[in-house]
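>>> Sequence first, then the predicted structure, then my questions.
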Amino acid sequence: MTQAQGMPLNKKRGFDFTQGIALTLGIAVTAKILASFPFLSIMGQLVIAILLGIAWRAVIGVPEKAMTGVSFSSKKLLRYGIILLGMRLNLADIVHAGPKVLAIAIINITFTILVVYGLTKLFKVDKRLGMLTACGTAICGAAAVVAISPQIKASDDETAIGAATVAILGTIFTLLYTVLYPVLGLTAAGYGIFSGATLHEVAHVVAAAAPGGNEAVDLAVIVKLTRVALLVPVAILIGIWMNRAERKEDNHTEKTSWKSIPIPWFILGFLIMSGVNTLGIFSADIVNLVVLAAYLLIAMAMAGLGLNVDIQTFRRLGMKSFAAGLIGSVLLSILGFTLVKLFGLN
């Protein structure tokens, strides 16, 4: 039997795999602890996890033998985490929020995807990275990036850079919102809707809406989760569009069949879990535990993505997409503010 350092090869591979998993788990738990501090709570566990992963690779480095476990976290555990995250969503709350809130979510997502993706094309960003940046800005930050990534066959570098870009942008805009709140002229309810309709991560929305009080936070989360719910149809539509675009580029003249369209089963799992939560099958305590586990798994995935990011690669590929996301975020904020006023939700 082949051995390395006195250990059977299969056991050594298992140890190396476990080492990678343990590294992402350690970073995810550290991110959770750091997110409990006042200022860092604005960033949230997922944002901190990916930034810690990037910093770890830049300062300490990642053993090549541990990368199988890191890759497992960033791909497989991510899907399980997104499925479980569906337990956070109560579809009844979205229905009760009314058609205006749904309309704002649809308008904002459509506008932002078109604008940001258009800007990335203008800036000559790779189309996959451009789409990831657009979806992350429009829907739900890093979680949207990693959910859309398999649909468009994005590389690990593109996924990691897209997630890091929207994570940093969301943090910047959260800080700006809290500073601008007193001068925006919005009621607590209007400010909550505005925050939920325009910010990136759920953690960003909660942190930004906090100055408006409990009413603002509650409305912000409902509006935000309305955007999260739209991740499912958006992912499917983008999968269809990218599939057709690739076939056209490859000069495939036959019509696209449904079998050739990448179906995001894990996102459908997310929707099923949302349905389970909506039916009230489990107690609030169990739901909270499932959501906590979901964020831990997704944070491990974010850590894995961060551990895959090379700073030089980010500088080479990420700056133009960051600029597109920044401009798109500014325009999204202006649009969201205008719609809150226009729809009489202030």
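Right, received. Where do you want to start?
>>> contacts and neighbour counts: CA atoms only from here.
Will do.
>>> List the contacts of the strand or helix carrying D285.
Element membership of D285 [criterion: DSSP states H and E] is helix 284-307. The contact list for helix 284-307 (CA atoms under 8 Å, 6 or more residues apart in numbering) reads 24-25, 27-29, 31, 45-47, 49-57, 62, 70-71, 73-75, 77-78, 80-85, 87-88, 143, 156, 159-160, 164, 277.
>>> try 6 Å this time
The contact list for helix 284-307, computed with CA atoms under 6 Å, 6 or more residues apart in numbering, reads 24-25, 28, 46, 49-50, 53-54, 57, 70, 73-74, 77-78, 81, 84-85, 160.
>>> Show the average pLDDT along it.
Average pLDDT, helix 284-307: 90.
>>> How about stretch 41-52?
Stretch 41-52 carries an average pLDDT of 82.
>>> gap between it and the chain center?
12 Å (CA atoms, centre = their mean, to the nearest Å).
>>> what does that stretch rub up against?
Against stretch 41-52 from outside (CA under 6 Å, 6+ apart): 28, 31-32, 35, 167, 171, 203-204, 207, 299, 302-303, 306.
>>> So of those, which two are at opposite extremes in space?
A207 and G306 (23.1 Å; CA to CA).
>>> Look at these two and report which has more neighbours.
Legend: neighbour count by other CA atoms under 10 Å for A207 and G306, higher for G306 (32 against 24).
>>> Against L52, how distant is that one?
Distance of G306 to L52, computed by CA to CA, to the nearest Å: 7 Å.
>>> try V291
22 Å.
>>> Then V125?
25 Å.
>>> Would you map the helices across the stretch 151-300 of the chain?
Secondary structure of the stretch 151-300 of the chain (DSSP state H, counting those that start in this stretch): helices located at 156-184, 188-198, 202-209, 214-229, 231-249, 265-278, 284-307.
>>> List the buried residues of the fifth one.
In terms of neighbour count (16 or more other CA atoms under 10 Å), helix 231-249 has its buried residues at 231-232, 234-236, 238-240, 242-244.
>>> Out of these, the closest to F282 would be?
In terms of CA to CA, no member of these lies closer to F282 than V232, at 23.1 Å.
>>> burial count for the nearest residue to F17 once chain neighbours are set aside?
Nearest residue to F17, sequence neighbours excluded (CA to CA, 6 or more residues apart in numbering): G69, at 4.3 Å. Burial measure for G69: 23 neighbouring residues, criterion other CA under 10 Å.
>>> Quick check: G69 touching T24?
No. Counting by CA atoms under 6 Å, G69 stays clear of T24, with 8.4 Å between them.
>>> Secondary structure element holding the nearest residue to F72 once chain neighbours are set aside?
Leaving out its chain neighbours, the residue that sits closest to F72 by CA to CA, 6+ apart is I21, at 7.6 Å. Using DSSP H and E, the element containing I21 is helix 9-34.
>>> Report the buried residues of the following helix or strand past that helix.
Next in sequence after helix 9-34, counting helices and strands by DSSP H and E, comes helix 44-59. Neighbour-count burial for helix 44-59 flags 44-58 (criterion: 16+ other CA under 10 Å).
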